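Peer 1: Here's a sequence, model it:
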Amino acid sequence: MTSLRKRLFVILIAATGLIWLSAVAWIYLDSRSKLEHVLDTRLQEAAKMVHSLVDAGRMPETAIAGLPGATVEPAFYERQLSCQIWSLDGRLVARSSGAPGSQLTDQAAGFSDRTVDGERWRVYAVEDAQKGIRVMVGDRIGLRHRLVNDLIAGLLAPALLIAPLLGLLIWFSLGRGLRPLASMAAELKSRDAEDMRPLAAAEAPIEVRPLAEALNGLFDKVAAARRHEREITAFAAHELRTPLAGLKTQAQIALATTDASIREGALRQILISVDRTARLVRQLLTLAKLETEQQAPATGRVRISGLLAEIIDGAVPAAGISVELDPGLAALDVPGDRESLALALRNLHENAVQHMPGGGVVSWRPTADGRGVAVLDQGPGIPQEELGLVTQRFYRGRHKSPTGTGLGLTIVDIAARRVGALLVLSNRTDGPGLQAALFWNDASPVFGKAGANPAG
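Peer 2: Prediction:
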């Protein structure tokens, strides 16, 4: 059943019917108990009344003895009651109209149930030893059941008449109650794809408010994602326009000149532009993959020294730049996804190499607190006011490299968060250059010797 209105209607009708039937069952049992008590009391009072008439002399003892099998019809009896007066020696002295000829009960006194002539009777007997009589008053149990059944039928008849009306009221009430959802759906249907205005959640009913708030949160996320896509597209178009325009200009220079040195310089600039464009495209693809891929849970640990050795061996050699690996990295392993960690470390290494065009040393070492790994270069560093901005997409800053794209540290920051690490950038205090460190919250990374050279 896909309709919420129909589902609620069935649930409410079923619940109402169950409650109604439970109430009828309870009324039936309670009424039967109380009715039997009332009828028993009536039997008891009727028997005592007949006994009192005999005692009062209205039916003299001689007359009773002289009227064997006679019938009497006391005026205070209702027709469903039957009365018998028996002598203690077993003779029927008198009985009411409709009373059976056989003895209603063989019990001397009190209440009893007995089958007489195929019918069940409820009987109350009063015995008077002084007068030599036993008074019995009874009624048919079938009549009692009929009274209870008539009472229940009187309750069910209005219920059967009211049930259709109740169903209609429930149906229309559900429609009115679900009207806020219909209004919300109509409003959303009337919007175009660009309309991300929040719904009026404060005006919605309490039950609908969580749905409205969740939709508003989804609208915010979609709007942010679309804004981010537009920014990425605009920045990428801008960044690609520059190297492509440079490529065209340098190619025109190379074709137009007859000077070998000018042609060689133009070709060298073409190579730089090609490298920058290729790196930009690669980093854009990497960034898109990082932002759309679901983060995999960390199932193992990665040895930092082995991973860095692979990255350094696979990197394009840079003239005049040497790379140092601290021996303390040999014992360092960290939790996380190896692919994401390699992405972060590779971009840190490329960033360090690119910002030292005049040569120098790139140093990899464990951090001083033993919670991560750091790379130190000897480049110009980053101005203090730009340290919080360089992880933004396409932000290149004051000391940008010719082949930089402004995406390297952005990729490092996202990849680091995927492996549970934090990227911290700071300028070196022992000389020019930048220190980029990855810190893990996990305290389990173990370093080798206590005298390992930590990053300051």
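Peer 1: Show me what the longest helix seen in the chain is packed up against.
Peer 2: Looking across the chain with DSSP state H, the single longest helix is helix 4-56. Applying 3 or more Cβ pairs under 8 Å, 6 or more residues apart in numbering; DSSP states H and E, we find helix 4-56 packed against strand 81-87, strand 110-116, strand 119-128, strand 133-140, helix 141-177. In this view, the C-beta of every residue, glycine as well, is placed from N, C-alpha and C.
Peer 1: what is the mean pLDDT for the longest one?
Peer 2: When you say that, I think you mean helix 141-177. Mean pLDDT, computed over helix 141-177, is 80.
Peer 1: The next helix or strand after it - contacts with which helices or strands?
Peer 2: Heading C-terminal from helix 141-177, the first helix or strand you meet, by DSSP states H and E, is helix 179-190. Helix 179-190 sits against helix 209-256, with contacts defined as 3+ Cβ pairs under 8 Å, 6+ apart.
Peer 1: Looking at the helices and strands packed on helix 4-56, which is nearest to Ala309?
Peer 2: helix 141-177 (67.6 Å; Cβ to Cβ).
Peer 1: related to what we said a few turns ago, orientation of the longest helix of the chain relative to helix 141-177 in degrees?
Peer 2: 150 degrees (axes from the mean of the first three to the mean of the last three Cα atoms, to 10 degrees).
Peer 1: ok so, going back, is it possible to get CSV of the helices and strands packed on helix 4-56 that adds distance to Glu203 and mean neighbour count?
Peer 2: Formatted as CSV, the helices and strands packed on helix 4-56 follow (distance: least, Cβ to Cβ, whole Å; neighbours: other Cβ atoms under 10 Å):
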stretch, distance to Glu203, mean neighbour count
strand 81-87, 69, 22
strand 110-116, 68, 14
strand 119-128, 66, 19
strand 133-140, 66, 24
helix 141-177, 16, 13
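Peer 1: Nearest approach to Gly381 belongs to which of these?
Peer 2: Set against Gly381 and scored by Cβ to Cβ, those come closest in helix 141-177, at 65.1 Å.
Peer 1: Would you mind getting the angle between that closest one and strand 133-140?
Peer 2: Counting by the same axes, to 10 degrees, helix 141-177 lies at 30 degrees to strand 133-140.
Peer 1: Can you spell out which helices and strands pack onto helix 141-177?
Peer 2: Taking 3+ Cβ pairs under 8 Å, 6+ apart as the contact cut, helix 141-177 packs with helix 4-56, strand 119-128.
Peer 1: Out of the ones you listed, which is closest to Leu307?
Peer 2: Using Cβ to Cβ, the helices and strands packed on helix 141-177 put helix 4-56 closest to Leu307, at 53.9 Å.
Peer 1: and the closest one, how far out from the chain's middle?
Peer 2: Remark: helix 4-56 is offset 45 Å from the chain centroid, using Cα atoms, centre = their mean, to the nearest Å.
Peer 1: give me the number of residues near Val353?
Peer 2: Residue neighbour count, defined by other Cβ atoms under 10 Å, stands at 22 for Val353.
Peer 1: Wait, it touches Ser322, no?
Peer 2: No - Val353 lies out of contact with Ser322 (Cβ atoms under 8 Å); the separation is 10.5 Å.
Peer 1: anything in contact with each of these two?
Peer 2: Common neighbours of Val353 and Ser322, counting by Cβ atoms under 8 Å, 6 or more residues apart in numbering, are Val362.
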